[in-house]
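1. fold the following, please.
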Amino acid sequence: MTRSDPRSCLSTHEVSNQPPERGDADLWGDDIVLREAVARENGQTEALAAYGRVLGTAEMRAAARDANRHLPELVSFDRGGRRLDEVRFHPAYHRLMEAGIGAGYAALAWEGQPGGHVTHAAMVYLASQVEPGHCCPMTMTYAAVPALAADDRLAAIWRPKLTARRYDPAPRPLQHKAGATLGMAMTEKQGGSDVRCNTTRAEPDGDAYRLTGHKWFCSAPMSDGFLTLAQAPGGLTCFLVPRWLEGERNALRILRLKDKLGNKSNASAEIEYENTLAWRLGDEGQGVRTIIEMVHHTRLDTALAPAGLMRGALVEAAHWARNRSAFQKRLIDQPLMQSVLADLALDAEGALALGLRVARAFDGDTDNDRAFARIGVALAKFLSNKRCPQVTYEAMEVLGGMGYVEETGLPLFYREAPLNGIWEGSGNVICLDILRTLAREPLAAETLGAELLSAAGADRHYDAALKAHAERWPALPAEGEARWYAERTALLLTASVLLR
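-> A predicted model of the protein is given here:
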């Protein structure tokens, strides 16, 4: 079917020197950096090629705009005054979720095929270029699977639904659903990142427990269950809270949705537990140790999402520069613009390369792989998220005033840019974790050192920077220098991956 082009000859002027609509794109086929990185790190190309074609269509970009324009709505009661505690989403949000879950975003890493975590990480990168908000429930579902290993019975019930590649948003008990999502609710008002200050109580009730308390942040409150922390008789413990029960809804009250800077399509909520049914996951008193598996895997996604945001912003800037002229020359042909775009491309490529190198360590099964994954994901998360706001802003500036207009998509990227640096451990938390890991796990320090040294001799500037780093910090730094140390170490690690 042919379509008529919009009119350019208007009554007062002719529209010229304006870039055409981008139309359909292929997020996999058009991204040689991604294809090379996935091949290098042993990812699954067929799954990524299919997902990249779907996400790149103009239809999916329109769905992304709709999902952010028509925000989630809290519906507390039905017309008769009975409690619902539901969040309703625009159909566009469900379209994005269906595409991601169906592609294996949450399942691929657990299906037993080589390169599962690399492929999953590349999907995070692809989805973040289009609509990052819907990634949250899929990321948490992916990350919850290893935490379920703490209880074979719960794993047998939940894991098949979480990895089913079926998106089923219906509010009904797990046994009646084709597929499920699992979220997380940890932080409380008085503690924030210091979850040991949590006051939510857990009282034994036969084989189960009953929770009473609150959670200050609960993302994706329409998930089918949540991993949460509460104070049991034996101390801070991890629990799985089912969202829906047979015959009666579980007593999880949504108080309000957060009015956030960005991530608008994803509903983040404040919730209360009121004698809420929960199942213990792991031993009493071992809550942090149990849920840290989920946190560890969500960090991989928060390291890859900024790479996708930077790539999305860069593509918009490059499209503008190729199709816009100023001072009798195309922007793309002007040396200063070339320098700006090259700098942005280097930051985006570095974030992707480091993120997928770390994802390969998640795929590994040796002690060295696990040690490098632990330290590498923290370094990648810290650096890439510090770079992301600056890169997205610079891309907006390439477009001038149009970069500030919602239709370009750049405001969405800019609002999203700070998010992943805040979630799952903000800058100070990550930097202190880096120091603790290097101090307590000699193998993490050893594998990191090996990665840095593996690029020695490839470039004299790198060699000089590596030597200066070793001289500045012959041992771990004092806490007050943790950010400086983390940034320089992550920069060197990124350079090492790029040089190789």
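
2. what helices or strands is whichever strand or helix holds residue 345 leaning on?
-> Element membership of residue 345 [criterion: DSSP states H and E] is helix 335-363. Where contact means 3 or more CB pairs under 8 Å, 6 or more residues apart in numbering; DSSP states H and E, helix 335-363 is packed against helix 32-40, helix 116-128, helix 287-323, helix 367-398, helix 482-499. Every C-beta, even on glycine, is put in place using the N, C-alpha and C of the backbone.

3. between helix 116-128 and it, find me the angle.
-> 140 degrees (axes from the mean of the first three to the mean of the last three CA atoms, to 10 degrees).

4. what about residue 73, distance to residue 352?
-> 35 Å (CB to CB, to the nearest Å).

5. out of these two, which sits in the busier spot?
-> Between residue 73 and residue 352, residue 352 has the larger neighbour count (other CB atoms under 10 Å), namely 27 against 12.

6. not counting its neighbours along the chain, what's nearest the more buried one?
-> Nearest residue to residue 352, sequence neighbours excluded (CB to CB, 6 or more residues apart in numbering): residue 307, at 4.3 Å.

7. so how far is residue 134 from the one you found?
-> 17 Å.

8. which one of those two has more residues nearby?
-> Comparing residue 307 with residue 134 by other CB under 10 Å, the one with more neighbours is residue 307, at 35 against 29.

9. tell me the predicted confidence for residue 41.
-> Note on residue 41: pLDDT of 98.

10. per-residue confidence averaged over the one helix or strand residue 212 maps to?
-> Assessed by DSSP H and E, residue 212 sits inside strand 208-219. The average pLDDT within strand 208-219 is 96.

11. in it, which residues are buried?
-> Buried residues in strand 208-219, defined by neighbour count with 16 or more other CB atoms under 10 Å: 209-219.

12. please identify which pair of those lies farthest apart.
-> 210 and 219 (23.6 Å; CB to CB).

13. residue contacts, residue 452?
-> Counting by CB atoms under 8 Å, 6 or more residues apart in numbering, residue 452 touches 466, 492-493, 496.

14. err, residue 184, not the other one
-> Residue 184 makes contact with 140, 143-144, 218-219, 226-228, 291, 294, 298, according to CB under 8 Å, 6+ apart.

15. how is the chain divided into domains?
-> The chain breaks down into these structural domains: 32-163, 174-286, 289-499 (assignment by the TED database).

16. chain center to the last one: distance?
-> Yep, that's domain 289-499 we're talking about. 14 Å (CA atoms, centre = their mean, to the nearest Å).

17. can you show me the strands along the stretch 151-300 of the chain?
-> According to DSSP state E, counting those that start in this stretch, the stretch 151-300 of the chain carries its strands in the segments 182-185, 201-205, 208-219, 225-232, 235-242, 252-257, 268-280.

18. how about a markdown table for the contacts of residue 452, with distance to residue 64 added?
-> Output for those, formatted as a markdown table (distance: CB to CB, whole Å):
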| residue | distance to residue 64 |
| --- | --- |
| 466 | 41 |
| 492 | 35 |
| 493 | 32 |
| 496 | 35 |
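
19. could you dump the strand holding residue 212 to CSV, C-alpha only?
-> Extracted in CSV, the C-alpha atoms of strand 208-219 (Å, rounded to 0.1, in the frame of the first residue of the first chain):
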residue,chain,number,x,y,z
ALA,A,208,3.9,-19.3,55.6
TYR,A,209,4.4,-15.9,57.2
ARG,A,210,2.3,-12.8,57.5
LEU,A,211,4.0,-9.4,56.8
THR,A,212,3.0,-6.0,58.2
GLY,A,213,4.8,-2.8,57.2
HIS,A,214,5.6,-0.6,54.3
LYS,A,215,7.9,-0.3,51.3
TRP,A,216,8.9,3.2,50.0
PHE,A,217,9.7,2.0,46.5
CYS,A,218,8.1,-0.9,44.7
SER,A,219,8.6,-0.8,41.0
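
20. run through who's touching it.
-> Contact with strand 208-219 is made by 136-137, 140, 183-189, 192, 198-203, 226, 228, 230, 232, 239, 241, 258, 266-280, as judged by CB under 8 Å, 6+ apart.

21. pull out the buried residues from these.
-> Buried members of these, counted by 16+ other CB under 10 Å: 136-137, 140, 183-188, 198, 200, 202, 226, 228, 230, 232, 239, 241, 266-273, 276-280.

22. contacts only, for residue 200.
-> Residues near residue 200 by CB under 8 Å, 6+ apart: 188, 211-215, 228-231, 273.

23. chain center to the one helix or strand residue 74 maps to, what's the gap?
-> If you go by DSSP H and E, residue 74 is part of strand 73-77. Its chain's C-alpha centre and that of strand 73-77 lie 26 Å apart, by CA atoms, centre = their mean.

24. which elements pack onto it?
-> The contact analysis (3+ CB pairs under 8 Å, 6+ apart) places strand 73-77 against strand 83-88, strand 252-257.

25. partners of it in the sheet?
-> If you go by DSSP bridges, strand 73-77 pairs up with strand 83-88 (antiparallel).

26. what's in contact with whichever helix or strand comes after the strand it pairs with?
-> As assigned by DSSP H and E, the chain's next helix or strand after strand 83-88 is helix 91-103. Here helix 91-103 makes contact (CB under 8 Å, 6+ apart) with 47, 50-51, 54-55, 60, 62-64, 66-67, 70, 72, 106-107, 123, 127, 130-131, 133-135, 137-138, 165-167, 169, 179, 181, 265.

27. give me the buried positions along helix 91-103.
-> With burial defined by 16+ other CB under 10 Å, the residues of helix 91-103 counted as buried are 92-93, 95-97, 99-103.

28. now stretch 305-323
-> In stretch 305-323, the ones that count as buried by 16+ other CB under 10 Å are 305-321.

29. just stretch 387-405 next, same as before
-> Within stretch 387-405, the residues that count as buried by 16+ other CB under 10 Å are 387-389, 391-392, 394-396, 398-399, 402-403.

30. what mean pLDDT does it have?
-> pLDDT averaged over stretch 387-405 gives 97.

31. which stretches of the stretch 1-150 of the chain have low pLDDT?
-> 1-3 (pLDDT under 70).

32. repeat that with 90
-> The stretch 1-150 of the chain contains residues with pLDDT under 90 at 1-6, 8, 10, 14-17.

33. mind checking the pLDDT average for stretch 280-294?
-> 95.

34. what about that stretch, start to end distance?
-> This stretch, stretch 280-294, spans 15 Å end to end (CA to CA, to the nearest Å).
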